[in-house]
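Engineer: have a look at this prediction, sequence included:
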Amino acid sequence: MENMKSNSSISFEPFVDAERAATFLAMPRKALLVLARSGKVPAHGLPGKGQKKNWRFRLSELDHWMQTEVTLVSDQGRIQERKDFL
């Protein structure tokens, strides 16, 4: 019984669809899908019909991506490019 208690404390983060992920990032869904297809944003592709994939995202991965890979505006108002992702 003790093992069941320790296993239930494992953190679980569900995947979200492109619509929810785009809302989280405040960007158009189609733009997010372009970034996912090109491998420029953390995304998990599920097999779909033909060449098309159904993309799923983890909000924590997108948050980390935003904090480390996306344009940062410094306190002085200058734009510092961390990585060109578009």
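Structural biologist: Right, received. Where do you want to start? Numbering: from 1, shown residues only.
Engineer: just for this protein, where's the confidence low?
Structural biologist: Low-confidence regions of the chain, defined here as pLDDT under 70, cover residues 1-9, 71-86.
Engineer: now the helices for it?
Structural biologist: Counting by DSSP state H, the chain has helices at residues 2-8, 18-25, 29-37, 59-69.
Engineer: would you work out how far apart the start and end of stretch 41-50 are?
Structural biologist: Using CA to CA, to the nearest Å, the span of stretch 41-50 from its first residue to its last is 22 Å.
Engineer: in that stretch, what's buried?
Structural biologist: 41-43 (16 or more other CB atoms under 10 Å). In this view, the C-beta of every residue, glycine as well, is placed from N, C-alpha and C.
Engineer: can you give me the distance of the spatially closest residue to residue 42 that is not a sequence neighbour to residue 36?
Structural biologist: Computed as CB to CB, 6 or more residues apart in numbering, the closest residue to residue 42 that is not its neighbour in sequence is residue 61, at 4.0 Å. As judged by CB to CB, to the nearest Å, residue 61 and residue 36 stand 11 Å apart.
Engineer: the more surrounded of the two?
Structural biologist: Of the pair residue 61 and residue 36, residue 36 is the one with more neighbours under other CB atoms under 10 Å, namely 20 against 16.
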